[in-house]
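# Here is my input, please return the structure:
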Amino acid sequence: MKRVLVTGAAGFVGRQVVAALASRDASITAVVRSGAVSLLSTTVDRVIVSEDLFSEDESWWERSVESSDIVIHTAWYTNPADYMTSSENSRCAEGTVRMASGVANSGVKRFIGLGTCLEYEQTGNLLTTMTNIRPQGAYASAKADTYLRLSEIFRKTSVEFAWCRLFYLYGEGEREERLVPYLRRQLSQGREVRLSNPNQVLDFLEVSEVARQIVEVALSDSVGAYNVCSGVATTVRELALRIAKQYGREDLVMESSEITNQVNPAIVGRPSL
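All right, here's what the predicted structure looks like:
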């Protein structure tokens, strides 16, 4: 039985990762804030509480992970209002580097980190793990920098390092401010949905499938970067209409009066799994 430590285990992605690990009969250690302990499922074998895991030092992490075979690091700053630009991204990056340094000294076999499709140069072409890295903005830059720094740390050790770049997630446990919860809230109440960028082409994937792919990488012996995505190009309008069909209210999907005339490059990946 694999012993797996999951950071952010009560979060949007973390909860699904825990569920996917449980289906694979793993022994799970969850790292969470004290206020999130009640959100954990009964499949968790051990709980480690940290009120701010990004402030913990190397020795704390070395002690915390010493009984684990694999670490899956899902925690990060994710407030939808400002996560793309917040200085919290730099703090998360520094805290993750300290974590990695502790892990490197602990005897852990594998470390799985989560990146973003926004690390790539956004050309509109299909994004592969060979696409140039050219992040824009605080969030993408912090993720790309973390990948490079962790690669260097683990290169000097026996720890196997994999980096899962996530595309556009939706599903159970998503924060209310995000697109799909907004769509469901409006449609369930019979209210219009106004799309400001309906022609934007993105790669959407349900979070439980995202977690399944992360766990597949974690339980393998492969290393390097992975794209966790669907490989399917979908416009925001198509996604909205697909959800509206579930309510029988496709008529409520409309364009915003403030619709943008500029369509950003498509962000669609080639799946690694």
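# Assign the closest residue to Arg91 other than its chain neighbours to helix, strand or coil.
Counting by CB to CB, 6 or more residues apart in numbering, Arg91 lies nearest to Phe54, which is 5.6 Å off, once chain neighbours are set aside. Placement of C-beta: from N, CA and C, glycine included. Secondary structure, DSSP: H, G, I helix; E, B strand; the rest coil: Phe54 is helix.
# Quick check: pLDDT value at Phe54.
Phe54 carries a pLDDT score of 98 in this model.
# was I right about it contacting Asn89?
No. Look at Phe54 against Asn89 with CB atoms under 8 Å: they stay out of range, at 10.5 Å.
# More neighbours: which of the two?
Neighbours were counted for Phe54 and for Asn89 using other CB atoms under 10 Å; Asn89 has more, 23 against 18.
# And the more buried one, which helix or strand is it part of?
Assigned by DSSP states H and E, Asn89 falls within helix 88-104.
# Show residues contacting that helix.
By CB atoms under 8 Å, 6 or more residues apart in numbering, the residues outside helix 88-104 that reach it are 7, 53-62, 64-65, 71, 73, 75-77, 79, 83, 111, 113, 138-139, 141-143, 145-146, 149-150, 153-154, 156-157, 159.
# Could you point out which residue ranges in this structure have low pLDDT?
Within the chain, the stretches with pLDDT under 70 are 259-263.
# mind listing the helices for it?
12-23, 58-65, 88-104, 138-155, 179-188, 207-218, 236-247 (DSSP state H).
# Buried ones only from the contacts of helix 88-104, please, as a PyMOL command.
The following PyMOL line selects those of the contacts of helix 88-104 that are buried, judged by 16 or more other CB atoms under 10 Å:
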select buried, resi 7+53+54+56+58+60+61+62+64+65+71+73+75+76+77+83+111+113+138+139+141+142+143+145+146+149+150+153+154+157+159
